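Chemist: Need coordinates for the following:
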Amino acid sequence: MTETVVGRAGEQIAETARTASRLTSAMADAVEVGLGEARRVAKQAGDAAEELFDETSKRLGRHPVETVVGSVAVGIAIGVVIGWLISRK
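Modeler: Here you go, the predicted model:
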């Protein structure tokens, strides 16, 4: 009977080790996939930022007065809103 209990315990330990190995492998795969997706998203964000910068530079070259006037108007509007929010308190 002792041999049976020891044999079963050994089998259970071996099965647990195999399960842990499969779980570790699955977790490593999930981390690898996640890192790949994060790299892809970071590259897309960098490309989008570069495209926005290029378009802004082109617009400034084509319409410099309109761009400056628009920037000043947005700055004034933001200043008015911030001033109004501060004065409310």
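Chemist: Burial check on Leu60, number of neighbours?
Modeler: By other C-beta atoms under 10 Å, the residues close to Leu60 number 13. Where you see a C-beta, it was placed from the backbone N, CA and C, and this is true even at glycine.
Chemist: how about the nearest residue to it, chain neighbours excluded?
Modeler: Thr67 (5.0 Å; C-beta to C-beta, 6 or more residues apart in numbering).
Chemist: Next one: that neighbour from Glu50, what distance?
Modeler: Using C-beta to C-beta, to the nearest Å, Thr67 is found at 19 Å from Glu50.
Chemist: Check Ile78 too.
Modeler: Noted for Ile78: a distance of 26 Å to Glu50, by C-beta to C-beta.
Chemist: go on, Thr4?
Modeler: For Thr4, the distance to Glu50 under the criterion C-beta to C-beta works out to 69 Å.
Chemist: How about Leu60?
Modeler: For Leu60, the distance to Glu50 equals 16 Å [C-beta to C-beta].
Chemist: hey, which helix or strand in this structure has the poorest pLDDT?
Modeler: The weakest-scoring helix or strand in the chain, judged by mean pLDDT, DSSP states H and E, is helix 2-62 (a mean of 89).
Chemist: Any chance you could list what contacts the helix or strand harbouring the residue nearest to Leu60?
Modeler: When secondary structure is defined by DSSP states H and E, Thr67 falls within helix 64-88. For helix 64-88, contacts defined as C-beta atoms under 8 Å, 6 or more residues apart in numbering pick out 59-60.
Chemist: what angle separates it from helix 2-62?
Modeler: Between helix 64-88 and helix 2-62, the angle comes out at 120 degrees (axes from the mean of the first three to the mean of the last three C-alpha atoms, to 10 degrees).
Chemist: Just want the most central residue of this structure.
Modeler: Most central residue of the chain, judged by C-alpha distance to the mean C-alpha position with C-alpha atoms, centre = their mean, is Ala38 at 5.8 Å.
Chemist: What separation is there between Gly83 and Ile76?
Modeler: From Gly83 over to Ile76 (counting by C-beta to C-beta), the distance is 10 Å.
Chemist: and if you look at Leu60?
Modeler: For Leu60, the distance to Ile76 - C-beta to C-beta - is 19 Å.
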